[in-house]
Structure formats: structure tokens, C-alpha cells
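Colleague: Sequence unavailable; structure follows:
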């Protein structure tokens, strides 16, 4: 496959080289940093912003929201003091001064110190759990406390809720141990358990405030700078030197851990991606959307990670290969669960493409299934593995098996190598354009497959979901625009932008005392379909839409703050695929008729609606009996969906003959493959995709 680029190439405008020989090193590092960032954003960002009072006001709101998301430290009086700077951030940024930030950091650190007294005083006395009162969970729309008395009341309710949840967990464990006749358990009274629960919460906040006491002004400054960067778009970031190291670790895909990508959006540490083949993927209980609230080393005491910096939480989660970490997570349905995971080195090999044969029991017709977790490429080894080459090999093996159709699974695939997307699309079309890439200036570039060789011309189904992003969306969009296959799933993420990471140290000469400055990741290009529409915001809408857990929840690019808008450019000429067999319209209608009344998809849709209701309910009871009833109800409700985890009757999945020797080479490899095949047999989306592929013939 060859990659042809038509049009102007993307060239980043060079930063102005700054000299620091006339500057005071203690102050000028921050000034130089701000000037560099603004120059980079103004000259190189795809959509530069006018730095004015409106911009300043939006940055102010972003920063304040991140500085005290839970509204537990600042009062309305503090906000009014800071509000005087609401329209001066733009002037300060241009000058490289930090007057607003300096005052905000001083107030915040002072208020954090004062807040220590709240938890210490409140947790001395037992709580009254019979009182009918509530905790307001919608912090975004809740106003700041008017004074310190109101702020103390916010803390009282929060500490009461946290004590209550621990108390109930302790009661449940005691009841279970007593019912099982555990000789080591001594029954404790309600008062003793309540005191222990308060003591646990006190210890959590002792540790939390020790960490908060170590907060550096530089950490807060990075948060402030990122509020400015994120006003351009959510993927434009400033990466301080330490954060850049963590970014590089995530990109390499090799580290001792559990294999989950985490986010600290809205001050919650949540799972945003599960790496295929990783320890948590194999364990199977951790899901995208789970919020991590505690981390324990084996059977040791759990550490509360609420309000913890994400890099500090990651340090607790990572560890030596073979050791166990136990995560207490809040599931998307509101229930809590302890998930034990044995750490392992997360290898890139876990993300390689692999395939299986799927069919109905008693049927001779076979369909090929290919799972591609990401669009991988080894940039450091010219002879290394490329996902497009691996997919071509899997296709050949499936053709040897005599499959009647192929399913390409791009669910949860967040993207990767752009050249490989072009090459991979070329496996299914003779030649032609695949995607348009546009920079801030100049004509769009058209990336196309020039190789007229057609690797596979049979029935093709592409599976996507709301976590299929970037490169996945390019491939799905091209297949849809050509009419080459049928797309099944939920609308994709909608990330149609390209970022570039720039080391800021490159642009400072003769001033070693200013380094390291860190790096900047900024958006420089935008993707467009060959029909002219952007994949940004709208993503790819499947031909057959099936419900999943996240279909009604706020997710994707469209729900990010200051996302770049959808737009369109001129389409490019391309030739639609011609069909010799059943028309797609017939196949699509047949699937819609079949799935509309399918009990499994009806149950999934019901659960998805319930999850939406639960996430919108931001009021938490502080009455013990009411909380226990709610928790019991949620547990009973979740059992209703246990059938979704069972194998589908009559659905078979097996390994390819060409893979058996390698699979059976070790017990570990054989076990890993069998676990993967079991997960396929439980997957209703793959099952429906198989039926669609068969209908296409």
C-alpha cells in the first residue's frame, strides 16, 4: 500500500526564540513559559482565539472550577476577591505576569490549611443517622458557601456521608462473618462500629491533608496555565516536565500496572479505557466509567484517593509484577465493588490484532472476527509491527478458513497511526481517497490509497461504540462513505482533531537556568470525511444503532468543554462500491426488525436508561435506614442484568487453524486465548454482527 498526500503539507510556524540574559531567573521562567505558550497557540493552533475580556472570563471560570471543584475550601467572599481579576487575565497572559494566579494560590493554600480544623472538630462526636437530611452532589451548580459557617456545614454533611457508607460496609462484613461462623470475629455494637468508621474517615483526611500540605505553587500554576490552554480546545495541554514523563509512559504502553487509562476530570479518578489483554482486561470486572475511590495493597488498609492528585493515585496503583492491588470502585449504576487485580507488565503485544472463527451451532457457514484494540505502529523500528500489515495477514488466514464475511471490531479503539488507517482501508477498496486533513491555512490534504490491489471483497461489518475515536472514526467513515460495509454500534466519540507535542526547551537559547520548561500538546489539524463532513463532534453514526450502557450518558467530544465545532468542506471525487448481492437497505432493515424486540438488547436499553436516571440523581440521603434500603435496592437491581454476562446459546467461537501451534505453545497462551473466546461467546454485539454478515450474502 502507498500513501499519497495531495495539497499543502503541514508546517508548524517556528516559535520566536527567547533570550533570558536580561531577565531575573526566579521570575522570568514563568514569564518566558507564558509567552512561549501564547506564541505557540496563536501561531500554530488550528483555531486561534482572540485574547480579550470574554476569553479571560471563560478562563477564570475554568480555573476556579478546577481549583476547588468540590467547593470545600473557598467561600463566596474569596470568589468576590478573585472576581476583580476576571477580565484582566488576558492582559496578564500577554505580559507574562501572574498577579491573579499568585493571589488565588495564596488564598487557596490558606483555606486548605484552615479546612483541617473542620474534619478534626466534626469527627470527634458521633453522627445522628436518624435525622432526615441530604447531601447535594451536584457541586457544579451548587453555589460557594457564603461564609465559614456554611462551609463547615458542607464539610459536616460530606464527612457524615463518608462515615455512613463505611459504617454500612463494616456492618455487612460483620453480619457475613457471623453467619459463616468465623471464630475470629467478635461482634461489635453499633456505637463501636460507628466510632471505627469515623476513625477511618479521620485517618483518610489526615493523609489527604498531608498530601495537600505538600502542594507546590508550581502544581497550581500548571493548572492555571492549562485553563488557558484548554480554552482553545480540550486536547490542547501544557505538560510540566513530570506530567510529560507520565504521558510518555502511557504512550509507550509498557509499565508495571493494571492496564487502565485514568482521567481526573471533575476531580474524580475514573477509568476511561481498558487496554486489551492487560491485567484488568483479563480480570474482567473493571469497566470504563468506574470511579476509583480507594486503593489497597493486597489485603492491606485501603487508601482513599478521593481528592488525590491523579499521578499520586497512579503511584499507588502501579507496582511490582505479580503483586495484588485492590480497587474500591463506584460503578456507573451507583453501587460499590472491590476489584482485586494482579499487576503485570502491560505489554504492547496485548494490543495486537487477533482473529477468530464464529458461527451458529449446527451451521457450516463461518464468519471471521478480527479484534483491533488500537492502530499501533513501532516508530522506533522500521521493521517493527504495523497494524495494517497484521490485519492483512489475519484476512489471509480467514480467507483460507473459507469465511463468508468478516467483522472488524473497533470498539474502544481510541486511534493511533494515521498511515496505517489509510493502508488498512485500502485492504477493502481498490484505490481512492480515504480522509481529508486540513491545517489552519491552505488547502486540505487528501490522503488516499493508490494500490489497486484488493485484499478482501466479501461481506464486511465494522463494530464501533462511543469510545471508538480518531483513527477508528476515519476508517469507519471511509467504509460508510464508499458503501463498502455496514457499520454497527453506537455513534462514535467524535474526535476529529490532530495534536502535536512540542518540547518548549527547544525554543530557549543560552538560559539553562530556565530549563526544563516542559512541553505543549496542541491541536494543529482537523480530519474530514471524503464526503466533506468533519468527524469532529458528530463522529460516525452507525447504519445499525444498538444500545449499550453509555448510549444515554454524556460522553464523547460533544460533551467536552470548548470542543472545536463540526463543519464541512468540499467533498472529493470517489467511486461508491457496487453490490452484486442483497442490498444493504434490506440487511439493515432485517437487523433493525430483529434487534428491536430482542430480549437481550431490550434489557441493555433498560439498564442504560436506569444508569442515566441514577447519574442524574445527585441527591444523597444521610439517613442510615434510607441509605441501606437504597443500597439493597441497587444490589437487587444489578442482579437483573446478570444474564448479560452469560454465554449466548448456540453461539460458537474458535481459533484459526493457522494459530493453533502458537496458541498451544504454552499453557498461559492457551488459557489467554480460551478466555478471549469465552468473552466473544457472551457478546451480543458480535453475535448480531455475525447475523448481519451472513445476511449480506
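Modeller: Yep, it's here. Worth saying up front: this structure is predicted, and the values here are computed from it rather than measured.
Colleague: Which residue, neighbours along the chain excluded, lies closest to the residue nearest in space to the middle of the chain?
Modeller: Centroid check for the chain by CA atoms, centre = their mean gives residue 272 as the closest residue, at 2.5 Å. Nearest non-adjacent residue to residue 272, counting by CB to CB, 6 or more residues apart in numbering: residue 263, 4.6 Å away. Where you see a C-beta, it was placed from the backbone N, CA and C, and this is true even at glycine.
Colleague: For the one you found, give me its contacts.
Modeller: With contacts defined as CB atoms under 8 Å, 6 or more residues apart in numbering, the neighbours of residue 263 are 269, 270, 272, 310.
Colleague: Run through the residues that contact residue 427.
Modeller: 1, 388, 391, 392, 395, 454, 455, 456.
Colleague: again, but for residue 97
Modeller: Contact analysis of residue 97 by CB under 8 Å, 6+ apart lists residue 31.
Colleague: list the helices and strands the helix of greatest length in the chain packs on?
Modeller: Longest helix in the chain, counting residues (DSSP state H): helix 148-179. Secondary-structure packing of helix 148-179 (3 or more CB pairs under 8 Å, 6 or more residues apart in numbering; DSSP states H and E): helix 99-122, strand 134-136, helix 190-213, helix 624-639.
Colleague: Can you list the buried residues in that helix?
Modeller: Residues of helix 148-179 classed as buried under the neighbour-count rule (16 or more other CB atoms under 10 Å) are 151, 154-171, 174.
Colleague: what angle do that helix and helix 190-213 make?
Modeller: Going by axes from the mean of the first three to the mean of the last three CA atoms, to 10 degrees, helix 148-179 is angled at 130 degrees with respect to helix 190-213.
Colleague: how far does helix 148-179 sit from the chain's center?
Modeller: Its chain's C-alpha centre and that of helix 148-179 lie 30 Å apart, by CA atoms, centre = their mean, to the nearest Å.
Colleague: Stretch 71-85 now?
Modeller: Centroid separation for stretch 71-85 versus its chain: 31 Å, with CA atoms, centre = their mean.
Colleague: for that stretch, how far is the first residue from the last?
Modeller: Between the opening and closing residues of stretch 71-85 lies a distance of 19 Å (CA to CA, to the nearest Å).
Colleague: Buried residues, it. List them.
Modeller: Applying a neighbour-count criterion of 16+ other CB under 10 Å, the buried positions in stretch 71-85 are 71, 72, 73, 74, 75, 76, 78, 79, 82, 85.
Colleague: And those, which two are furthest apart?
Modeller: Spanning the widest gap among the buried residues of stretch 71-85 are 72 and 85, at 22.0 Å by CB to CB.
Colleague: sorry, back to before: out of the helices and strands packed on helix 148-179, nearest to residue 610?
Modeller: Each of those has some distance to residue 610 by CB to CB; the shortest is helix 624-639, at 7.1 Å.
Colleague: Name the surrounding residues that touch that closest one.
Modeller: Counting by CB under 8 Å, 6+ apart, residues outside helix 624-639 touching it are 129-130, 132, 164-165, 167-168, 333-335, 610, 614, 620-621.
Colleague: about what we covered before: before we move on, could you check phi and psi at the residue nearest to residue 272?
Modeller: For residue 263, the backbone dihedrals are phi -130, psi 150 (criterion: degrees, to the nearest 10).
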